[in-house]
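>>> the following comprises the amino acid sequence and a computationally predicted model.
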Number of protein chains: 2
Amino acid sequence: MTVRFTVEARDGGTEARAGVIATERGSFRTPAFLPVGTAAAVKGVWPGQLRDMGYGCILGNTYHLYLRPGAGRIRGQGGLHRFMGWEGLILTDSGGFQIFSMSALRKVSDEAVAFRSHVDGSLHTLTPELAVEVQEALGSDIRMVLDECVEYPADRKEVEDAVRRTTLWARRSLAAATLSDGGMFGIVQGGMHPDLRRRSAEEICSLPFPGYAIGGVSVGEGKELLRETVSVSAPLLPREKPRYLMGVGTPGDILFAVSRGVDLFDCVLPTRNARNGMMFTSEGAMSIKQARYADDPLPPDARCGCPTCRSFSRAYLRHLYRQREMLASMAMTVHNLHFYAKLMERAREAISRGNFGELVKESAVSGID
Amino acid sequence: MTVRFTVEARDGGTEARAGVIATERGSFRTPAFLPVGTAAAVKGVWPGQLRDMGYGCILGNTYHLYLRPGAGRIRGQGGLHRFMGWEGLILTDSGGFQIFSMSALRKVSDEAVAFRSHVDGSLHTLTPELAVEVQEALGSDIRMVLDECVEYPADRKEVEDAVRRTTLWARRSLAAATLSDGGMFGIVQGGMHPDLRRRSAEEICSLPFPGYAIGGVSVGEGKELLRETVSVSAPLLPREKPRYLMGVGTPGDILFAVSRGVDLFDCVLPTRNARNGMMFTSEGAMSIKQARYADDPLPPDARCGCPTCRSFSRAYLRHLYRQREMLASMAMTVHNLHFYAKLMERAREAISRGNFGELVKESAVSGID
């Protein structure tokens, strides 16, 4: 497995670090945000637009791709990169999170998780080995082990079980891996219990993964507990390997986690919110639905240089949104993804200068959260 | 009024001509196809993509813009070009066609047409003067007179009435015009009756418009009658002015009309069909829904150099279409508009070489219709 992580700069006052993740296919700078390409497409944008925004890696959802169009079909087309015309890197999740959040009638045992497809109700069984096989068929550069994600709140016993099973599955995943390109990351569970996070981290980090993820967050625990859990979990992961906080999050949560030493993030927020008319700006969130924008000739964010802000006014975007024009979602998605790309770029620059704490403070003052 | 039309080349064997339409704002080459930007957006594409494909003029629907967001609002934003971030030219229709095809409870008199909005049922009255006023508020470069469009089939008496009223309204439109930039085109009616087409053309072409349109087609008459009507109508319009065939059409119908001396076209076909999974290719129409494309690694059209054909396979587009991903509509719209842009470019080149008839024959053999 060859996922190489090079730390190029460490912040002075925080745990933040800037680096590069490289695989056979290419590399991208960290801290990095990965746009979510659920069904082999980041909704509303062309691959070339993602590249132009500076994205070097996107996320694909194994659960969705496994169900439609199927991993065999994608492998037959030369793999996920070629299938979707994406020249950068791809990280795939294991499908576990979606099974636990979207599918019906799921039944977990140490052996496997059985579930019914949310699409057609068909019955499926996912084992750690199958999760590896599917991701290898997709040909993603970074693959995730199947883990058991527990919702919040949950009994301590449930979380303990998930920690035990996640370690069991991590070992089986390593044994099942056949692909030498790229690599597979382990995932730490443990709910919101610091001692279980510690136990899970000890078990998972004793296994030879080239990177480690904090899973089991963004499951309804709220901002405060999320941040506490990140603060507890991040230091438990080895400093020389990339740390990935799965499914997070808001710009504020991302900056917080970067300050705790996290390197990778993915979240549907910028893309999903765009489709709901919500834009991230340098002065906080903006809902384009509001009547006060009906005649507003200003761009969404005067300090933004994205294609949307260069061409379109708030009045125009509000009109498009109300008319349900595709261009509304397209334009606001580009704006939000540009915002996230710039946020990560500014984070990397601040870390290199050694004043990342200043960026966090400034952002909070601007209303970014 | 300053719409200048310069014929730069005439085909040898047909009536086809290649030229340039210029206004204060800029110019574009003819024969030209105008993508339809119904609600101040060509569905699924960025303005920059239209420009990159070579489009110099698009069409805006006055009926839709008058209802939402309203002409006053668009004028307040600096006009339609600035509102939608479009740097090329814009032709607006008068709203008449949509009133006759979309609205409920319409009532026509010599004075005006009263109708109920298809959006909220509200009652409106459109006069020729208001159609001019609304289009001038939008700031379009080429504006169309309000005409009475009769569906097919219709009583001869109805068509006669529409011809009379269309001339009456054309005179009132000219009297109402206040804008000196760009210009307003007259519209010839007359249904599928050659003698009424002649009467309408004589009346309308006696009025000092800088261009003339053939209206009242694409109303259910079928391909044969459409082409007969174009053959009858086009020669009735002055050779030195641009001729515009409204709401047409298929690639084959466009090539046919070009051979009869028509210069301008608009139609929702390439954009609407794209959203329904139908693509125009050099070998005829292709429906991406078909199961046989599920594992097809080829681009939609091997002879096409559009961004879609350069990056995406049939298998991928079929997957996107089935998943209802926005990118399906976006990619197929770009492909179809690129196809139309290339078709017009090839038409202009063939006319300049003097062998336009060859292009028409070749296209028919390829299955383009």
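Received it, and whenever you're ready, just let me know what you need.
>>> for the closest residue to chain B within the stretch 1-150 of chain A, give me its contacts.
Proximity to chain B, evaluated over the stretch 1-150 of chain A using Cβ to the nearest Cβ, is greatest for residue A:85 at 3.5 Å. Where you see a C-beta, it was placed from the backbone N, CA and C, and this is true even at glycine. Residues counted as contacts of residue A:85 (Cβ atoms under 8 Å, 6 or more residues apart in numbering or on different chains) are A:47, B:311, B:312, B:316.
>>> can you tell me which of those residues is nearest residue A:280?
Residue A:280 lies nearest to residue A:47 out of those, by Cβ to Cβ, at 21.8 Å.
>>> what number of residues are in the vicinity of the closest one?
For residue A:47, the neighbour count with other Cβ atoms under 10 Å in any protein chain shown is 22.
>>> is it true that it touches residue A:87?
Yes - counting by Cβ atoms under 8 Å, residue A:47 touches residue A:87, with 7.2 Å between them.
>>> on that earlier part again, near the closest residue in space to the residue of the stretch 1-150 of chain A closest to chain B that isn't next to it in sequence, how many other residues are there?
What sits nearest to residue A:85 in space, not counting adjacent residues and going by Cβ to Cβ, 6 or more residues apart in numbering or on different chains, is residue B:311, at 3.5 Å. Residues lying near residue B:311 (other Cβ under 10 Å) number 18.
>>> for residue A:287, same thing?
Quick note: residue A:287 (other Cβ under 10 Å) scores 13 neighbours.
>>> name the nearest residue to it, ignoring sequence neighbours.
Per Cβ to Cβ, 6+ apart, closest to residue A:287 is residue A:278, 5.4 Å.
>>> wait, what's in contact with the closest residue to residue A:264 other than its chain neighbours?
Excluding its sequence neighbours, the residue lying closest to residue A:264 (Cβ to Cβ, 6+ apart) is residue A:244, at 3.8 Å. By Cβ under 8 Å, 6+ apart, the contact list for residue A:244 reads A:185, A:211, A:212, A:213, A:214, A:262, A:263, A:264, A:265.
>>> export stretch A:17-27 as PDB, just CAs?
Extracted in PDB, the C-alpha atoms of stretch A:17-27 (Å, rounded to 0.1, in the frame of the first residue of the first chain):
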ATOM      1  CA  ARG A  17      -0.300  20.800  10.000                       C
ATOM      2  CA  ALA A  18       0.000  21.200   6.200                       C
ATOM      3  CA  GLY A  19       1.200  18.500   4.000                       C
ATOM      4  CA  VAL A  20       0.700  16.400   0.900                       C
ATOM      5  CA  ILE A  21      -1.000  13.000   0.400                       C
ATOM      6  CA  ALA A  22       0.500  11.100  -2.600                       C
ATOM      7  CA  THR A  23      -0.500   7.900  -4.300                       C
ATOM      8  CA  GLU A  24       0.500   6.300  -7.600                       C
ATOM      9  CA  ARG A  25      -2.100   8.300  -9.300                       C
ATOM     10  CA  GLY A  26      -1.100  11.700  -8.000                       C
ATOM     11  CA  SER A  27      -1.200  14.000  -5.000                       C
END
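>>> and the contacts of it?
For stretch A:17-27, contacts defined as Cβ under 8 Å, 6+ apart pick out A:2-11, A:28-32, A:56-57, A:81, A:88-89, A:141-142, A:181-183, A:211, A:242, A:261, A:263-264, A:347-348, A:351-352.
>>> ok, what's across the strand from the residue most central in space within chain A?
Geometric centre of chain A, nearest residue: residue A:266, 1.5 Å, by Cα atoms, centre = their mean. Per DSSP bridges, the residues bridged to residue A:266 are residue A:34.
>>> surely it meets residue A:247?
Yes - in this structure, residue A:266 is within contact of residue A:247 by Cβ under 8 Å, at 6.6 Å.
>>> give the next helix or strand downstream of the helix ranked longest in chain A.
Counting residues, the longest helix found in chain A (DSSP state H) is helix A:326-353. Elements were assigned by DSSP states H and E; along the chain past helix A:326-353, the next helix or strand is helix A:356-366.
>>> how far does that following helix sit from the chain's center?
In terms of Cα atoms, centre = their mean, to the nearest Å, the centre of helix A:356-366 is found 22 Å from the chain centre.
>>> likewise stretch A:43-56?
Averaged C-alpha coordinates place stretch A:43-56 at 16 Å from its chain's average position (Cα atoms, centre = their mean).
>>> okay, the helix-or-strand element of chain A with minimal mean pLDDT in CSV with CA atoms only?
Within chain A, no helix or strand scores below strand A:104-108, which has a mean of 85 by mean pLDDT, DSSP states H and E. Output of strand A:104-108 as CSV, limited to C-alpha atoms (Å, rounded to 0.1, in the frame of the first residue of the first chain):
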residue,chain,number,x,y,z
ALA,A,104,-34.1,-0.6,5.9
LEU,A,105,-34.2,-3.7,8.0
ARG,A,106,-30.5,-3.9,8.7
LYS,A,107,-29.2,-6.7,10.8
VAL,A,108,-25.6,-6.7,12.1
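>>> could I get the buried residue list for it?
Neighbour-count burial for strand A:104-108, counted by 16 or more other Cβ atoms under 10 Å in any protein chain shown, picks out residue A:108.
>>> show me the strands paired with it, marking each as parallel or antiparallel.
Counting by DSSP bridges, strand A:104-108 is paired with strand A:113-116 (antiparallel).
>>> who does the next helix or strand after the partner strand touch, helix- and strand-wise?
Counting by DSSP H and E, the next helix or strand C-terminal to strand A:113-116 is strand A:123-126. Applying 3 or more Cβ pairs under 8 Å, 6 or more residues apart in numbering or on different chains; DSSP states H and E, we find strand A:123-126 packed against strand A:113-116.
>>> which parts of the strand it packs on are buried?
Buried-residue list, strand A:113-116, by 16+ other Cβ under 10 Å: A:113, A:114, A:115, A:116.
>>> now swap in stretch A:8-28 and tell me
Residues of stretch A:8-28 classed as buried: A:9-11, A:14-23, A:25, A:27-28 (neighbour count, 16+ other Cβ under 10 Å).
>>> and stretch A:46-55, what's its mean pLDDT?
Stretch A:46-55 shows a mean pLDDT of 98.
>>> just list the residues touching the residue in the stretch 251-369 of chain A that chain B sits nearest to, thanks.
Here the stretch 251-369 of chain A gets closest to chain B at one residue, residue A:311, 3.5 Å apart by Cβ to the nearest Cβ. The neighbours of residue A:311, taking Cβ under 8 Å, 6+ apart as the test, are B:47, B:48, B:85.
>>> what do you get for residue A:270?
Contacts for residue A:270 were tallied using Cβ under 8 Å, 6+ apart; they are A:35, A:280, A:333, A:336, A:337, A:339, A:340.
>>> per-residue confidence at the closest residue to the fourth one other than its chain neighbours?
It refers to residue A:336. Distances taken as Cβ to Cβ, 6+ apart put residue A:270 closest to residue A:336, at 3.7 Å, once the chain neighbours are dropped. Among the per-residue scores, residue A:270 holds a pLDDT of 98.
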